[in-house]
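J.: Pasting the sequence and the predicted coordinates here, then a few questions.
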Amino acid sequence: MVLLSLAYHSLRNRLLTTALTVVSIALSVALLVGVEQVRRGARESFSNTISQTDLIVGARGGSLQLLLYAVFRMGSATNNISYESYQILARHPAVEWTIPYSLGDSHRGFRVVGTTEEFYTRYRFRRHRKIEFAAGRAPREIFEVAIGSDVASALGYKIGDAVTLTHGVASGRGILDHDDRPFRIQGILARTATPVDRSLYIPLEGMEAMHMDWADGAPPMPGEETPAASIRKEHLQIKQITAFLLRARSRIDTLRLQREINTFEDEPLMAIIPGVALNELWRTIGYAEDALSVVTAFVLVVGLLGMLVSLYTSLNERRREMAILRAVGAGPRTIIFLLVTESGLLALAGTVLGVGLAYALALTAQPLVERHFGLFIPLVRPTAAGWAYLSAVVVAGVLIGFVPAVKAYRNALADGLGVRL
Amino acid sequence: MTPAAGRGWAIEMEDARFSYRGGPEIVRIGGLRVEAGEHVFIFGPSGSGKTTLLGLLAGVLRATSGRVSILGQDLTAMKPSGRDAFRASHIGYIFQLFNLIPYLSVRDNITLPCRLNAERRRRLNGTPMEEAAGRIATHLGMGSLLGENVSRLSVGQQQRVAAARSLMGTPELVIADEPTSSLDFDHRERFVELLFQECREANSTLIFVSHDQSLMPMFHRTVSLTEINEAM
Amino acid sequence: MQLVLALLIGLAPLAAAQGKRAHRGHAAHEHGAAAINIVIEGTTGIVEFEAPAEGVFGFEHAARTAAQKKQVEAALATVRTKGGEMVQFDAGRGCRWEAKSVEVVREAGEEHAEVKAEYTVACAQAPGGSRLRFGVSRMFPRIERVQVQVLNGAQQAGLGVRGDRGTIVLTR
C-alpha cells in the first residue's frame, strides 16, 4: 500500500511524461478496442444482411456465387430455374413462404429485381426488421417499380418518375435499353443498410413483360413489339426465375428440404443455408480482418515501448530518489516493486482510458457511421477474449516494468548511499 | 575496553577492510568503538574514505573482511536483505543535501521510515504516525510546514526535515553525512544543537561526519578518519 | 456495408471459379472428411452424421472376410451408441441420445460407400446458451475434418472442425 502510494505520487510528480505515456497507451488501446468493435459490427451487419430465410435456392452451381447474386446483388447466375419447379417447391407442405427473385436487368448500374408481394411482407433483415417505405407503396401493376434508398439518393429519383431499364447488368447507359416500356416509380424503400438499398424492385410480371416478344435473347424488330399499354397481367406467362428465398415451417424441415432440393429430379437445383454460407464467406474475407488486428497489435507494442523508454530515461534523474529510499531501508526488492508498480499503473490507466475513449468515440460516431457506411457498431461489453487482451496489456505493462526496475536495482547497488548530484 | 555500566556498544569495528572487487583497499580500520548514546564527530576530509565508511556502518556495503557490528549485531554476517531490514529498523540517515523525496509532502517524507518499516512503527508506542511526525517537526521549528511540498523549503528547512525523518521511530543510531555543509555558520550550530537535543530525547547514538572542524568542539568525542583509516 | 461489399467484389472471380465445380446432391465424398448437421428446436434436436465408409471402418468395398464383417459391425455399433461423444452438448443440459438409423449406403455403380446416421436428441433443458464440442476424430482417427452445420432457432451456423478443435456457441 505504501509503495502503491509512492508509485502514484512519483508518477504524479512527473505529470507531463506520465500523461503523455498514458495517452499513448490509451490511444493504442482505443484503436485495438475500436477495431474490434468495427470488426464485430461489420460481422454482425454481415450476418444480419438477411434473416429468417432458411434456404436460398438457385440453379446448381457454386454456393458462394448463389449467395453473392441472391443476397449481395453481385455477379450473376449461370442458369435460371423454371417457374414450374419453383411452384412445386413453393407449394411443398414443409414450406411456409417463398420470395422469388428474377435477376439480370439493371438501371444505371443498379440491379433490377423482379419479385412478388411476398418480398415486401416476408423479407427480414437484422433479425426482425422488415421492408418499409420511406415514400409511396409497393408496386402492384406491371410497369411499376419500387427503388432502394441508395438508388433514390444516388440518382435523385422521386415518386412518379419514369425509369428505363437496361438488359444485362452493364453499368452506365445500356446498349439494350427497354426504352419502349418505361417503369413508373411508386415506392421508395426506407434505408436498410443492406444490399436491398442498391436495387430496383419490379413485379415478376414486369420482368416478363419487358422481355415480351424477345427471341433468343434479342429484342423484337422495331414496330413488332406489343405496345406497353396493351400488356395485361393475364397475358403474361412467367417462365422462369433466377432464385428464391425459402422459409420452412420448422428448422427440422429445413434440412429435409435442403436435401430434397439438392436431389430435385426435374432440374439441377441447389439450396444453401444463408447463415452457413455467410459464415463461410466471412472466413474467406477474414484475412483482411486478421491483417488489421496484427497492425493494431503492433501499434499497441509501440505504445508499450514508449512507456518503457520514458520510464527508463527517467531513471537517471531518479538515482537520488532511489538512494534516499535505500537509506530509509528500502531493499532492492522494494525498488523493483516500486518501478514495476509504476509501469503497471501506467498501463492500467492507459487501458482504462483507452477503453473509455473507444466507447465514447463509438457512441458519438455510431449514428454517423451507420448513416454513411451502413455499418452498425454495437456498443457491447468486450468479449471474454476482449477482456483477455485488455488484461494482457496490463500484464505486459507490468512485465515491461521489470526492465527499468532491474536497471534501477543495479544503479542502487552501485550507488549505495553515495550519489552526489 | 568495555562500555560504561548499563550501556552496550553502538558500533564496533575490528580490522574492518573494504575494497571494491579487484580494486585497492579503501578502508582499513583496526578498531573503532562507539558507546550507545555517544555523540561522535568523525572528521573526514574528502578522499579519506568517508563515504565508504558510512556505507559500511549503514550496511549498504559489506566489509570484505573483519567485523562491523552495529548494536551488537554483526553486519558482515548478514545477507544484503537482512542489512536492508536492519538499517530500516535501527538506523536514521541524513544526507549532505537533497535528502527528501521531491514528490512527497513534508509530513509524508518524515513518516516514510515508519511507513516502510514495522519496527520503526512499533516504536512509536501507539502514537499515530502523523502525530509523532508533527511533534518532531514542531521541536525542530517546522510545525507549520507539515503540509508543504518539499520543493518550497529552503535548504536549512530541508535539512531539518531530514533530521526529523531520521529520528522518526527513535532509531538507536543516527548517521549524519555532512548535514550542515550547505548551511551558514549560525544555522549550523543551531542545527547541531537541535540534533543533539532530539538524539538525547530518543536515546540515540549520533555519528556526525564532516570535513568542517569548526563544529568539533560541540561534541563529546572526535575521531579523525585520516588517523584511523590505515588504508589511506 | 459498402465496406464489406468492396471486399466482396474481389471475390467475384473466386465465386465464378467455384461455380464451375460440379455440385452434387449429397455431401461430396471426400476421404478424411465427415459432415454433421444439427438442428435444435427448444429442447429437442436432430443430428445427422455422414462420412465416407473408409473413415469409419477403414475400407469401402463390401465386407468379405469374417474379420471385415466384424470390423464393420463394431464400427457401426460405435456410431450407433456414441453419437453423444461425437457431438457433445453441455453436460448440464441433460441431453439423451437415440440413434434413429445407422446405415451404410452404397449407390449403384459407385465404388464409394457412405455411413449415414441420424439421431434424435432430447434434453432436459434447452441447450441454447451453451457450447457444442466435437469428438469425431477421437472416435474415428481417419476422419480429420468435419463440416458442421447448425440450425438452432434463428441461428444458422457453419463450422469446419479440424481434429475436434472448435466449438459453436448456441444462441438462446
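T.: All right, it came through fine. Numbering: from 1, shown residues only, chains lettered A, B, ... in the order given.
J.: Find the closest residue to chain C in chain B.
T.: residue B:81 (47.5 Å; CB to the nearest CB). All C-beta spots, glycine's among them, are computed from the backbone N, C-alpha and C.
J.: can you list the residues that contact the helix or strand where residue B:131 lies?
T.: Using DSSP states H and E, residue B:131 maps to helix B:129-139. With contacts defined as CB atoms under 8 Å, 6 or more residues apart in numbering or on different chains, helix B:129-139 is touched by B:106-107, B:110-111, B:114-115, B:121, B:124, B:127, B:143, B:145-146, B:161, B:164, B:167-169, B:194, B:197-198.
J.: Now the element after it, going C-ward?
T.: In N-to-C order, the element after helix B:129-139 by DSSP H and E is helix B:155-167.
J.: Which elements pack onto that next one?
T.: The contact analysis (3 or more CB pairs under 8 Å, 6 or more residues apart in numbering or on different chains; DSSP states H and E) places helix B:155-167 against strand B:91-94, helix B:106-116, helix B:129-139, strand B:173-177, helix B:185-202.
J.: got the angle between the longest one and strand B:173-177?
T.: Translated: helix B:185-202. Counting by axes from the mean of the first three to the mean of the last three CA atoms, to 10 degrees, helix B:185-202 lies at 170 degrees to strand B:173-177.
J.: Just the buried residues of helix B:185-202, please?
T.: Buried residues in helix B:185-202, counting neighbours by 16 or more other CB atoms under 10 Å in any protein chain shown, are found at B:187-188, B:191-192, B:194-196, B:198-199, B:202.
J.: Tell me which of the helices and strands packed on helix B:155-167 lies nearest to residue A:57.
T.: helix B:106-116 (76.1 Å; CB to CB).
J.: mind giving me the domain split of chain A?
T.: Domain segmentation of chain A under automatic domain parsing yields A:2-47+A:287-415, A:55-272.
J.: Redo these as a markdown table? Include mean pLDDT.
T.: Below are these laid out as a markdown table (pLDDT from 0 to 100):
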| stretch | mean pLDDT |
| --- | --- |
| domain A:2-47+A:287-415 | 83 |
| domain A:55-272 | 88 |
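J.: can you list those in TSV and add distance to residue B:52?
T.: Output for the domains of chain A, formatted as TSV (distance: least, CB to CB, whole Å):
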stretch	distance to residue B:52
domain A:2-47+A:287-415	13
domain A:55-272	77
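J.: Make JSON lines out of those and add mean neighbour count.
T.: Converted to JSON lines, the domains of chain A look like this (neighbours: other CB atoms under 10 Å in any protein chain shown):
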{"stretch": "domain A:2-47+A:287-415", "mean neighbour count": "18"}
{"stretch": "domain A:55-272", "mean neighbour count": "19"}
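J.: wait, which of those domains is closest to chain B?
T.: Among the domains of chain A, domain A:2-47+A:287-415 comes nearest to chain B, with 2.2 Å by CB to the nearest CB.
J.: Could you give the separation between the terminal residues of the closest one?
T.: 24 Å (CA to CA, to the nearest Å).
J.: got the residues of the stretch 201-350 of chain A near chain C?
T.: The stretch 201-350 of chain A comes close to chain C at residues A:250-252, A:254-255, A:259, A:262-263, A:270, A:273-277, A:279-281, A:284-285, A:288, as judged by CB under 8 Å from any CB of the partner chain.
J.: need the helix or strand of chain C with the lowest average pLDDT.
T.: Least confident helix or strand, chain C: helix C:12-20 with a mean of 45, by mean pLDDT, DSSP states H and E.
J.: Which helix or which strand is home to the residue of chain C found nearest chain A?
T.: The nearest approach of chain C to chain A comes at residue C:156, 2.3 Å away (CB to the nearest CB). Using DSSP H and E, residue C:156 maps to strand C:155-162.
J.: which residues are in contact with that strand?
T.: Defining contact as CB under 8 Å, 6+ apart, one finds that strand C:155-162 is touched by A:54, A:273-277, A:279-280, C:134, C:136, C:144-150, C:166, C:168, C:170-171.
J.: Of these, keep whichever come out buried.
T.: Using 16+ other CB under 10 Å as the burial test, these include A:54, A:273-277, A:279-280, C:134, C:136, C:144-150, C:168, C:170 as buried.
J.: just checking, residue A:95 touches residue A:258?
T.: No: under the criterion of CB atoms under 8 Å, residue A:95 makes no contact with residue A:258, lying 11.9 Å away.
J.: related to what we said a few turns ago, beyond the strand holding residue C:156, next helix or strand please.
T.: Next along the chain after strand C:155-162, taking DSSP H and E as the criterion, comes strand C:168-169.
J.: Any idea what the residue in chain C that chain B sits nearest to is bridged to?
T.: Residue nearest to chain B within chain C (CB to the nearest CB): residue C:165, separated by 47.5 Å. For residue C:165, the beta-bridge partners are residue C:162 (DSSP bridges).
J.: what about it, neighbour count?
T.: Here the number of neighbours of residue C:165 (other CB atoms under 10 Å in any protein chain shown) works out to 9.
J.: ok, back up a step: any chance of the domains of chain A in TSV with distance to chain B as columns?
T.: Output for the domains of chain A, formatted as TSV (distance: least, CB to the nearest CB, whole Å):
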stretch	distance to chain B
domain A:2-47+A:287-415	2
domain A:55-272	53
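J.: Got the phi and psi for the residue nearest to residue A:79 when sequence neighbours are not counted?
T.: Nearest non-adjacent residue to residue A:79, counting by CB to CB, 6 or more residues apart in numbering or on different chains: residue A:59, 3.6 Å away. Per-residue torsions, residue A:59: phi -70, psi 150 (degrees, to the nearest 10).
J.: do residue A:353 as well
T.: Dihedral angles (degrees, to the nearest 10) for residue A:353: phi -60, psi -40.
J.: Just say helix, strand or coil for the nearest residue to it once chain neighbours are set aside.
T.: Nearest non-adjacent residue to residue A:353, counting by CB to CB, 6+ apart: residue A:26, 3.9 Å away. Secondary structure for residue A:26, judged by DSSP: H, G, I helix; E, B strand; the rest coil, is helix.
J.: Give me the pLDDT value at the spatially most central residue of chain C.
T.: By CA atoms, centre = their mean, the mean C-alpha position of chain C lies nearest to residue C:36, the distance being 1.7 Å. Looking at residue C:36, its pLDDT reads 94.
J.: Next, the buried residues of the helix or strand in which it is found.
T.: Assessed by DSSP H and E, residue C:36 sits inside strand C:33-41. Buried residues in strand C:33-41, defined by neighbour count with 16+ other CB under 10 Å: C:33-40.
J.: how far out from the middle of the chain is it?
T.: Put simply, strand C:33-41 sits 5 Å off its chain's centre (CA atoms, centre = their mean, to the nearest Å).
J.: before we move on, what about stretch B:173-181?
T.: Relative to its parent chain, stretch B:173-181 has a centroid offset of 6 Å by CA atoms, centre = their mean.
J.: Span of that stretch from start to end?
T.: Stretch B:173-181 has an end-to-end distance of 21 Å (CA to CA).
J.: for stretch A:233-253, same thing?
T.: Start-to-end, stretch A:233-253 (CA to CA) is 34 Å.
J.: And for stretch B:212-220?
T.: End to end - CA to CA - stretch B:212-220 spans 16 Å.
J.: for the record, mean pLDDT for it?
T.: Mean pLDDT, stretch B:212-220: 85.
J.: Kindly confirm my reading that residue A:352 is in a helix.
T.: Yes: according to three-state DSSP, residue A:352 belongs to a helix.
J.: Assign the residue nearest to the residue nearest to the centre of chain C when sequence neighbours are not counted to helix, strand or coil.
T.: Among residues not flanking residue C:36 along the chain, residue C:148 sits closest, at 4.9 Å (CB to CB, 6+ apart). Per three-state DSSP, the secondary structure class of residue C:148 is strand.
J.: Fine, thanks again, bye for now.
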